[in-house]
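J.: Got a predicted structure here, sequence first:
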Amino acid sequence: MPLSFSIEHKDTNSKARAGIITTDHGKIETPIFMPVGTVASVKAVHMSELKEDIKAQIILGNTYHLYLRPGTGILEKAGGLHKFNGWDRPILTDSGGFQVFSLSGNRKMREEGVTFRSHIDGSKHLFTPEGVVDIQRSIGSDIMMALDECTPGTADYTYAKKSMQLTHRWLERGVKRFRETEGKYGHEQNFFPIVQGCVYPDLRRESAKFIADQGCAGNAIGGLAVGEPTEKMYEMIEVVNEILPEDKPRYLMGVGTPINILEGIERGVDMFDCVMPTRNGRNGMLFTSEGIMNMRNEKWKDDFTPVDPNGTSFVDHIYSRAYLRHLFISKELLAMQIASIHNLAFYLWLVGEARRHIIAGDFSAWKKEMVERLGRRL
């Protein structure tokens, strides 16, 4: 069956809502954070840990990376990404647009699509709106994204408008391809378009209206957290969510910090992803319910209390701050694994608590208190 979305509760003092997304691979309780598994794995984390310890309900893959390695041929032989990596819950795939446009000097954009050179071996490739749909059919994700151009947050108005219009033309082609093709592995796939328009309210409104008119299963907000001021990001979320339909899930792409996520939830966003919990974790930065910790700091050397005294992850019931600091100082691989698991579990705990407080009716008061705590440097 195609993706469905139902709203269970709405916060009376904000746009926050708690809902359920249903896919052929299972249900997703929103608001939700999605761990990023770019190349078919969430770095340093086993699938069993994602399910049992982190309690992830959906993870991400990336079209650009999976297309280059292992390639669609291998994925099709495996029976799709779910079979290939052993994850039997929902998967969302980014179209690869952000990765391609991040290549800057190694890509060239035109009406047909974008040509780029692989970061692996320099080989030349072409992504078209139709082609990325075909690739994501081979991957077999439950939710696939449209090819778009992600403009930097500092883009001028003329460039941002031209880029948005190209994204819209590409979207029409992508929607057509999606609707004239079928999945390969017996489960329903769903297609999300992406709102662009940089930091310009009129462009964001125009793009949100165009995206909403496509009638897709859900909608995404892209081109934020790419260099623009944080307050501008929040403003653009508000502008867009006034237009995107309430009865479909809203996905804010690539955002962000725990505070960003709470601010997004307050403004009506349902789905989030970011590499921050795993990337920062591997470098010794841990997110906790009391604030941010640098695990290499001397102050944790003889601190035998849990990483997070509020027990936001199973890590807190096993390892002490002193032990985790010792692992980082000793450059033990286990340090990166523990930190990644902790940070992801904390992010899932945070959105789970947000959902609980939305349902309880006290989200706004709880969110205000949490934002004050989450910004601290411990």
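T.: Thanks, I have it.
J.: elements contacting the helix or strand of the chain with the lowest mean pLDDT?
T.: The helix or strand of the chain with the poorest confidence is helix 97-102; it has a mean of 76 (mean pLDDT, DSSP states H and E). Counting contacts by 3 or more C-beta pairs under 8 Å, 6 or more residues apart in numbering; DSSP states H and E, helix 97-102 is packed against helix 63-68, strand 107-109, strand 114-117. Using the backbone N, CA and C atoms, a C-beta is placed for each residue, glycine as well.
J.: To Gly218, which of the ones you listed lies closest?
T.: In terms of C-beta to C-beta, the element of the helices and strands packed on helix 97-102 nearest to Gly218 is helix 63-68, at 17.2 Å.
J.: distance between the closest one and the chain's centre?
T.: Centre-to-centre, helix 63-68 and its host chain are 17 Å apart (C-alpha atoms, centre = their mean, to the nearest Å).
J.: next one: stretch 19-32
T.: 15 Å.
J.: Follow the chain on from the helix or strand harbouring Phe33 and name the next helix or strand.
T.: Phe33 belongs to strand 32-34 when assigned by DSSP states H and E. On the C-terminal side of strand 32-34, the closest following helix or strand by DSSP H and E is helix 47-52.
J.: In CSV, list the helices and strands packed on helix 97-102 along with distance to Trp87.
T.: Output for those, formatted as CSV (distance: least, C-beta to C-beta, whole Å):
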stretch, distance to Trp87
helix 63-68, 13
strand 107-109, 30
strand 114-117, 28
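J.: could you dump these to TSV with distance to Gln136 and mean neighbour count?
T.: Formatted as TSV, the helices and strands packed on helix 97-102 follow (distance: least, C-beta to C-beta, whole Å; neighbours: other C-beta atoms under 10 Å):
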stretch	distance to Gln136	mean neighbour count
helix 63-68	6	23
strand 107-109	19	15
strand 114-117	16	19
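J.: Mind checking those for the one nearest to Arg373?
T.: Across the helices and strands packed on helix 97-102, the minimum distance to Arg373, taken as C-beta to C-beta, is reached by helix 63-68, at 35.2 Å.
J.: Which parts of the stretch 51-200 of the chain are helices?
T.: All helices of the stretch 51-200 of the chain, identified by DSSP state H, counting those that start in this stretch, fall at 63-68, 72-78, 81-85, 97-102, 129-139, 157-179.
J.: And these, which one averages the lowest pLDDT?
T.: Between the helices of the stretch 51-200 of the chain, the one with the least mean pLDDT is helix 97-102; it has a mean of 76.
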